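**Q** Build me a model:
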Amino acid sequence: MSNSTPDVTVVIGAYEAMPYLIRCLESVEAQTLPAGRMEIVAVDDGSTDGTGAYLEEFAARTAIETRVVRQANSGGPSGPRNVGLGLARGRYVFFLDADDYFGEEALERMVAMGDRAGTDVVLGKVVGVNRGAAKSMWKETVERADLYSSNIKFTLSAQKLFRRDLLVRLGMRFDEELRTGEDALFTMEAYLRGNGVSVVADYTCYYLVGRDDGKHVTKSGSYLLRFDSARALMKLIATHVPPGPKRDTLMVRPLVITLLPQFGPGLLRQSDEVRQRKMELAAPLLEAYWTPGLARRLKVQERLRLLCIAEGRLDLLLDILRFMHEKKKPRQVRKGLRGRLYLVYPHFGEGTVLPLSAYEVTVTEWIGRKRVEVPGRQSTAAFLRRLVRKARRTARAAGLHMPRSAHRA
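**A** Got it, this is the predicted structure:
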């Protein structure tokens, strides 16, 4: 074993990873970062498909210093990652899934960014292969991204470059009690407690592969695991960010990405028992963290669903879900002198537990292919002009006359 400290330790947790593991390891060998500046710690988590044997064969022939650990199956990705992290010697650690692979310049570019910016986490652009991947955070390369105003909070997977000193100093480990969302908890803690986050967006660093056999870990597990994940992430955010706009901004992520999918149109096909259980699990989370500021950071249909859950109104929630399932497009209605814009979903204007404010457009939305913007000052003026034009048409129809000055209001 070399005495010099490598720039990067690539930690690969592998379970039943063949044949995807072949390309994964080839992509590490193909890095433009020299072999002597990196190491691999690969953990075979009880595979039965030859994964362990292939890792040992690779370690015997590669120029990259490679350590292979073979262990009984741990039941999830956290155990192998923690083992790899415990053995890592690099200045940085990258958690590479055995299904996925690097772009050739990935590590060289990310290490250079981390060194130049002095940040503790570096995000490299991710694209999906045979699956979708988040896109909104890859618009530009930035040395220091703001967690609250940027979209980096919506990419919390573990496939990032972490400064190992941060992980050691904070004693960070993946939560092995969580069976899903453990990477979101780990990454968010690094965002919150580390010295900044960088984004490499001008080069594809990571290829996220959808397995043909459908065995990708994020596709498995019961709905109870999703609530465990949401609960843990919301608690972490609340621990490190005091109540106020910043906390509200971060809470959007667990609510919209982790919790709300459990209350999508698929709920219509589920049993009353499951529906009620989901409502019971979500209620205390909303009681603890729901605020008016958080509500205004959501799209109308998101806000309405969460408000139904918070108020315990499964009946109203199901009406909204039927509307969504039938792919109906809500009408747009303007009200008031300020021209506030509302989307007409079920129970609009009925004065139930869903107040008029719950239907107001407060963030940019898409209705079908049409972009719906939040009305601004210019939109309000345009709204007033439309009111005047409408009044003039009505007056003309009635044989009355309005002065031209009114048209310039």
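
**Q** is it true that T141 touches V199?
**A** Yes - between T141 and V199 there is a contact at 6.0 Å, judged by CB atoms under 8 Å. C-betas here are computed from N, CA, C, even on glycine.

**Q** Report the contact partners of R275.
**A** 267, 314 (CB atoms under 8 Å, 6 or more residues apart in numbering).

**Q** picking that back up, settle it for me: which of T141 and V199 has more neighbours?
**A** Using other CB atoms under 10 Å as the criterion, T141 and V199 rank with V199 on top: 26 against 16.

**Q** which stretches of the protein aren't confidently modelled?
**A** Residue ranges of the chain with pLDDT under 70: 1-3, 213-221, 377-391, 395, 398-409.

**Q** could you redo the last one with a cut-off of 90?
**A** Scanning the chain for pLDDT under 90 picks out 1-4, 134, 179, 211-222, 335-339, 350-353, 368-369, 375-409.

**Q** three-state assignment of V11?
**A** strand (DSSP: H, G, I helix; E, B strand; the rest coil).

**Q** give me the element I40 is part of.
**A** strand 38-45 (DSSP states H and E).

**Q** Can you pull out the residues in contact with that strand?
**A** 6-15, 25, 28, 31, 51-52, 55, 59, 62, 64-71, 73-74, 79-81, 83-84, 87-90, 107.

**Q** Which of those fall in helices?
**A** 25, 28, 51-52, 55, 59, 79-81, 83-84, 87, 107 (DSSP state H).

**Q** Out of those residues, which comes closest to E302?
**A** When the ones in helices among the contacts of strand 38-45 are ranked by distance to E302 (CB to CB), R81 comes first, at 31.6 Å.

**Q** Correct me if wrong: that closest one contacts I12.
**A** No - assessed by CB under 8 Å, R81 is found out of contact with I12, at 9.3 Å.

**Q** follow-up on the earlier one: wait, which of the ones in helices among the contacts of strand 38-45 is closest to F348?
**A** R81 (47.1 Å).

**Q** Name all residues that make contact with the spatially most central residue of the chain.
**A** Residue closest to the average C-alpha location in the chain (CA atoms, centre = their mean): F154, at 3.1 Å. Residues in contact with F154 (CB under 8 Å, 6+ apart) are 134, 136-137, 253, 257.

**Q** Next, give me the two most distant ones among those.
**A** It's M137 and I257 that sit farthest apart of the contacts of F154, by CB to CB, at 13.0 Å.

**Q** pretty sure R340 contacts E360?
**A** Yes - between R340 and E360 there is a contact at 5.7 Å, judged by CB under 8 Å.

**Q** now the strands: where do they sit in the stretch 301-409 of the chain?
**A** Secondary structure of the stretch 301-409 of the chain, counting by DSSP state E, counting those that start in this stretch: strands at 331-335, 340-344, 365-367, 370-372.

**Q** Would you format the ones you listed as a markdown table with distance to E311 and mean neighbour count included?
**A** Formatted as a markdown table, the strands of the stretch 301-409 of the chain follow (distance: least, CB to CB, whole Å; neighbours: other CB atoms under 10 Å):
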| stretch | distance to E311 | mean neighbour count |
| --- | --- | --- |
| strand 331-335 | 23 | 14 |
| strand 340-344 | 19 | 20 |
| strand 365-367 | 23 | 14 |
| strand 370-372 | 25 | 12 |
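
**Q** what's the closest of these to R297?
**A** strand 365-367 (12.5 Å).

**Q** so how far is that closest one off the chain centroid?
**A** 19 Å (CA atoms, centre = their mean, to the nearest Å).

**Q** repeat for stretch 283-294
**A** Relative to its chain's centre, stretch 283-294 lies at 19 Å (CA atoms, centre = their mean).

**Q** Buried residues, it. List them.
**A** 285-286, 289-290, 294 (16 or more other CB atoms under 10 Å).
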